[in-house]
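1. Have a look at this prediction, sequence included:
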Amino acid sequence: MNKAARMIRITYIALLLLALLAPMLGLYPVFVMKLLCFAIFACAFNLLLGFTGLLSFGHAAFFGSAAYITGWLIKAQHWTPELGILAGTLGAGLIGVVVGVVAIRRQGIYFAMITMAIAQMVFFVCLQASFTGGEDGLQGVPRGALFGQFSLASDTAMYYLVVAVFVACFLAISRIVHSPFGQVLKMIRENEPRAISLGYQVDRYKLLAFALSAALSGLAGSLKTLVMGFATLSDAHWSMSGEVILMTLLGGVGTFFGPVFGAGIVISLQDMLADKVGSWVNVIIGVIFVLCVLAFRKGVVGELQEFLERRRRLAAKS
């Protein structure tokens, strides 16, 4: 293992320890849980954009639909939380397959606009369906008891469940990207015609990547509903798709920790500034985004990685 890999591993271990000790350090558990839910969402989106090269403007459809599915099943049908989360994740994955079948043969802006159009259809369903609560959303979703045995009513119990799910998702995405399947996805991102010439069924790979990204986005939405106790139309609104794109670009597209960092920036700013400047928080985040794009073309984490790589090359030459 080279020095850079060791440093990355040490950093991840330190961050994991920080996450485990966060409630004891005085950090508000609900805020950290919300941040981790959106970090999962951003990592799922990055799997599609950063490692497959597909830009979706409709990922709020998967996040929001899973949030409503989980909330309704737990509140109205009295499902246990793990079954509600599983149903929301599978539901988002199935919607992802349907959207992918329609959109995957298109490229560039045409692909992005198709995903956005279908996401708006999902938003309309969430607005009009009888079980969603319309403009009021689903309120008072109980956390229940995990496997019917372990109560999630306390923020501490819920917190460690969210941390465990986040770590599992992060490791799963890392494993996917480093697998032969992930290498094909990166080949498609870099040179799709070459991948086709080598005999790969490119559309199948892209469809599977899209479905995986949708399912993980749904998992994030399901967890968020369980943490916050509600699902609202903002979860399925087109602006949510914009937020996850913003998180990914700020942190660094195609990096593992970049989307987590980007989610931390956006959620922290929203939490700190919302009660001080109101709706102007979106303007402030927009200005920060523009400045980061101008100063850090590859995102904060992406630029940091490139800086360390340049230093490594210079040290190797000397």
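-> Received, thanks.
2. pull the longest helix from this protein.
-> Longest helix in the chain by number of residues, with DSSP state H as the criterion: helix 202-228.
3. what's His237 in contact with, if anything?
-> Each residue near His237 by CB atoms under 8 Å, 6 or more residues apart in numbering is listed here: 60, 64, 123. Every residue, glycine included, has its C-beta placed from N, CA and C.
4. Asp203 is in contact with Arg105, correct?
-> Yes: using CB atoms under 8 Å, Arg105 is in contact with Asp203, at 6.4 Å.
5. So what's the model's average confidence on stretch 102-122?
-> For stretch 102-122, the mean per-residue pLDDT is 92.
6. what's the answer for stretch 271-288, then?
-> Mean predicted confidence for stretch 271-288 is 79.
7. chain center to it, what's the gap?
-> 21 Å (CA atoms, centre = their mean, to the nearest Å).
8. which regions of this protein lie under the pLDDT threshold?
-> Applying pLDDT under 70 to the chain flags the ranges 1-4, 318.
9. CA atoms only: put whichever strand or helix holds Ile13 into CSV for me.
-> Here Ile13 sits within helix 3-21, counting by DSSP states H and E. C-alpha atoms of helix 3-21 as CSV (Å, rounded to 0.1, in the frame of the first residue of the first chain):
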residue,chain,number,x,y,z
LYS,A,3,1.6,6.5,1.1
ALA,A,4,-1.4,8.1,-0.5
ALA,A,5,-3.6,5.0,0.0
ARG,A,6,-2.5,4.8,3.6
MET,A,7,-3.4,8.4,4.2
ILE,A,8,-6.8,7.9,2.6
ARG,A,9,-7.5,4.8,4.8
ILE,A,10,-6.4,6.7,7.9
THR,A,11,-8.7,9.6,7.0
TYR,A,12,-11.7,7.3,6.5
ILE,A,13,-11.0,5.6,9.8
ALA,A,14,-10.7,8.9,11.6
LEU,A,15,-14.0,10.1,10.0
LEU,A,16,-15.7,6.9,11.0
LEU,A,17,-14.5,7.3,14.6
LEU,A,18,-15.8,10.9,14.6
ALA,A,19,-19.2,9.7,13.3
LEU,A,20,-19.4,7.1,16.1
LEU,A,21,-18.5,9.6,18.8
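10. Tell me how far that helix lies from the chain's centre.
-> 21 Å.
11. helix or strand right after that helix?
-> helix 29-52.
12. and that next one, what other elements does it pack with?
-> helix 155-178, helix 180-190, helix 202-228, helix 238-251, helix 258-277 (3 or more CB pairs under 8 Å, 6 or more residues apart in numbering; DSSP states H and E).
13. wait, isn't Val253 in contact with Leu49?
-> Yes: with contact defined as CB under 8 Å, Val253 reaches Leu49; the gap is 5.9 Å.
14. where's the residue nearest the centre of the chain relative to Thr52, distance?
-> Central residue of the chain (CA atoms, centre = their mean): Phe41, 1.2 Å from the mean position. Noted for Phe41: a distance of 16 Å to Thr52, by CB to CB, to the nearest Å.
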